[in-house]
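Engineer: Return a 3D structure for these sequence lines:
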Amino acid sequence: MLTTLRRGDTVVIWRLDRLGRSLKNLIQLVDRLEAAEVGLRSLQENIDTTSSGGRLVFHLFGALAEFERNLIKERTQAGLSAARARGRKGGRKKRLNPEKQQLTLQLYHERRHTVAEICRLMGIGRSTLYNYLNEAERHALQTT
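Structural biologist: The predicted structure is shown next:
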């Protein structure tokens, strides 16, 4: 549709949510239409960006949605901070307990087994093994 639009055309849609995947995407699309001098008309929300009032309403909707997104973000951050203050730690639990992690690192440093063998023996993936190695290296650097 975007490639066939010409200056002065108006895109008519049933609802705003039918045009974009997210509000941010929708605003970018409307900005693109405005730059090409193409209007947008939403039948359900009764918004017509070919008029100054319609553009105002659309941008007010956008500003309110951005405000709501920011509130959600702030609340999420506050909740995470409160959880950290209570001693909660986010993320997935470690696949191996500390003893098995130590054994895994020992097997790796002995160089008698391949990475694939160690991973199969411990029941972990290659990336998990390398994550443990990186974590041990960071810990060693911090303690020196």
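
Engineer: all contacts plus neighbour counts: C-alpha atoms, from now on.
Structural biologist: OK.

Engineer: Who are the contact partners of Gly54?
Structural biologist: Gly54 makes contacts with 47-48, as judged by Cα atoms under 8 Å, 6 or more residues apart in numbering.

Engineer: looking at this protein, which helix or strand is least sure?
Structural biologist: Lowest mean confidence among the helices and strands of the chain (mean pLDDT, DSSP states H and E): helix 23-35, at a mean of 87.

Engineer: where do the strands sit along this protein?
Structural biologist: 10-13, 39-42, 47-48 (DSSP state E).

Engineer: Show me what the second one pairs with in its sheet, parallel or antiparallel.
Structural biologist: Taking DSSP bridges as the criterion, strand 39-42 forms sheet pairs with strand 10-13 (parallel), strand 47-48 (antiparallel).

Engineer: who touches it?
Structural biologist: With Cα under 8 Å, 6+ apart, strand 39-42 has contacts from 8-16, 30, 33, 47-50.

Engineer: per-residue pLDDT, the residue in the chain sticking out farthest from the centre?
Structural biologist: In the chain, Arg112 marks the outermost C-alpha relative to the chain mean, sitting 40.9 Å out by Cα atoms, centre = their mean. We have a pLDDT of 95 for Arg112.
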